[in-house]
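Q: return a 3D structure for these sequence lines:
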Amino acid sequence: MTLAVAGCSGLGRSAVGTLTYETERDLVITVTSPSVNGCHLLGPAGTRKVENRTLNDIQMYRTRDCTGEDPIYIATNTTNEIAPDSLPWRSYSVVH
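A: Numbering: from 1, shown residues only. Predicted coordinates:
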């Protein structure tokens, strides 16, 4: 099953393209043009794999509030998957 979510940019700027990730229940979520502002949540259990097809780089966090040490940087037009024994990503922010 695939779910598409439109990103809204209340302050005017969006990352053009899509960000796709898979939930713990194998639900594929595609976010279209996420806002470059703020922190974005990735479902209650987070995700282990992200495909960044936006024109912006993304930073992934293991916390729900885009804080903490060692965020993971995912460049534009790349995919990243964490090791099975690692904590999932729970939020992300768009680099702009």
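
Q: wait, Pro15 sits on Pro34?
A: Slight slip there: residue 15 is Ala, not Pro. Yes: if you go by Cβ atoms under 8 Å, Ala15 and Pro34 touch, sitting 5.3 Å apart. All C-beta spots, glycine's among them, are computed from the backbone N, C-alpha and C.

Q: got the confidence number for Pro44?
A: Note on Pro44: pLDDT of 83.

Q: do the same with Thr79
A: pLDDT for Thr79: 96.

Q: and Leu11, by the same measure?
A: 52.

Q: what do you get for the one 10 residues further on?
A: Each residue has a pLDDT score; the one for Tyr21 is 95.

Q: quick one, what contacts it?
A: For Tyr21, the contacting residues are Val28, Ile29, Leu42, Thr47, Lys49, Val50, Glu51, Trp89, by Cβ atoms under 8 Å, 6 or more residues apart in numbering.

Q: make it 6 Å
A: Ile29, Thr47, Val50 (Cβ atoms under 6 Å, 6 or more residues apart in numbering).

Q: got it, and Ala75?
A: Residues in contact with Ala75 (Cβ under 6 Å, 6+ apart) are Asp57.

Q: again, 10 Å this time
A: By Cβ atoms under 10 Å, 6 or more residues apart in numbering, the contact list for Ala75 reads Asn52, Asn56, Asp57, Ile58, Val95.

Q: next, the first one: secondary structure please.
A: Following DSSP: H, G, I helix; E, B strand; the rest coil, the label given to Asn52 is strand.
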